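Asks: Below is the structure, and that's it, no one-letter string:
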Ligand SMILES: O=C(O)[C@H](O)COP(=O)(O)O
């Protein structure tokens, strides 16, 4: 036996099957709680998780034999990366598995926003037929500003390549993009030229609350705003303020500062957000499709094989 892996989240069975073929013993316990995991983890060499709970110091300290954390997804914000590095615990993730889902979802949010799909649909259901009020915009000829050109930002850019848009992207930690359909730029250029702003950066101490009132104030044009990254990167009240002043013409949000009920309903901004005609909301499903469910597990198993 190569080692023992504990799966604590809902992963496609392909990961367990492949890991077993590689010689691991795998316990697939998607319903396990954090407390139960803490009590059991000492007997494992690896843990596979999505975002059910944090893999923090307490959990890593409870697992003296832990060699790796397999994150079935992209974001590593629920893992204490510094502490894992300190302890020599390897981290693997699988952004290659849900980048297509995410890129397509971001396009879907954007097209729905600029064509007023959600608003028009709701109005008709409520007996209103308003063509003028639902007149939309075209993507063609617009400039889409992407912040973060990793797996997700580059997927979104690639999906946009048939729309006749100019795609500009800024990545603080990456230069020399080679994709023909994107133009590398500075943050100043994003702020100056974007008609659409889309975030594709991880949540870190540096990016938390990055999109606030001051940041939004600097945009030269009225923008459509898309967030499929992490809600905490954005100050929701600032976005609502910019929506009501018209600086933001519409917001497509797959991620929120507070997610899930009842937590979400308790937020002071929830009422305004849910009644805004200019907002489209989805429950953090950007990277979550029937296709990506399987692909994530396969990518993770490939990486396990190469560990
Ligand atoms: O980081 C990701 O891959 C997505 O946000 C999805 O996260 P999830 O594992 O909670 O579905």
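Replies: Yep, it's here. None of these values were measured; they are calculated from a predicted model. Numbers count the residues shown, from 1 in each chain.
Asks: Could you list the low-pLDDT ranges of this protein?
Replies: Low-confidence segments of the chain (pLDDT under 70): none present.
Asks: which parts of it sit against the ligand?
Replies: 50, 51, 73, 74, 75, 98, 287, 288 (C-beta under 6 Å from any ligand atom). Any C-beta I mention is one placed from the backbone N, CA and C, and that applies to glycine too.
Asks: give me the element the fourth one is part of.
Replies: Same thing as residue 74. Assigned by DSSP states H and E, residue 74 belongs to no helix or strand.
Asks: Test my guess that it contacts residue 284.
Replies: No. Assessed by C-beta atoms under 8 Å, residue 74 is found out of contact with residue 284, at 12.0 Å.
Asks: Looking at the two, which has the bigger crowd around it?
Replies: Applying other C-beta atoms under 10 Å to residue 74 and residue 284 shows that residue 74 carries more neighbours, namely 23 against 16.
Asks: these two touch, right, residue 212 and residue 235?
Replies: Yes. Under the criterion of C-beta under 8 Å, residue 212 makes contact with residue 235 at 4.3 Å.
Asks: Which of these two has more residues huddled nearby?
Replies: Remark: of residue 212 and residue 235, residue 235 carries more neighbours, 20 against 15, as counted by other C-beta under 10 Å.
Asks: Could you pull up phi and psi at the more buried one?
Replies: phi -90, psi 110 (degrees, to the nearest 10).
Asks: same question, residue 280
Replies: Dihedral angles of residue 280 (phi, psi; degrees, to the nearest 10) stand at phi -120, psi 130.
Asks: Now, of the residues of the chain next to the ligand, which are buried?
Replies: Buried members of those, counted by 16 or more other C-beta atoms under 10 Å: 50, 73, 74, 75, 98, 287, 288.
Asks: which SSE is the nearest residue to the last one once chain neighbours are set aside in?
Replies: Counting by C-beta to C-beta, 6 or more residues apart in numbering, the nearest residue to residue 288 once its immediate chain neighbours are dropped is residue 101, at 6.7 Å. Here residue 101 sits within helix 95-114, counting by DSSP H and E.
Asks: now do residue 164
Replies: Element membership for residue 164, per DSSP H and E: none, as it lies in no helix or strand.
Asks: Now do the contacts for the closest residue to it other than its chain neighbours.
Replies: Spatial nearest neighbour of residue 164, excluding adjacent residues (C-beta to C-beta, 6+ apart): residue 140 at 4.0 Å. For residue 140, the contact set (C-beta atoms under 8 Å, 6 or more residues apart in numbering) comprises 163, 164, 165.
Asks: just residue 161 next, same as before
Replies: So residue 161 contacts 167, 181 (C-beta under 8 Å, 6+ apart).
Asks: One more: the one 5 residues further on?
Replies: Applying C-beta under 8 Å, 6+ apart, one finds that residue 166 lies in contact with 142, 143, 144, 183, 193.
Asks: quick one: the last one from the ligand, how far?
Replies: By that I understand residue 193. 28 Å (C-beta to the nearest ligand atom, to the nearest Å).
Asks: For the nearest residue to that residue once chain neighbours are set aside, what are phi and psi?
Replies: Leaving out its chain neighbours, the residue that sits closest to residue 193 by C-beta to C-beta, 6+ apart is residue 143, at 4.8 Å. Dihedral pair for residue 143: phi -110, psi 120, per degrees, to the nearest 10.
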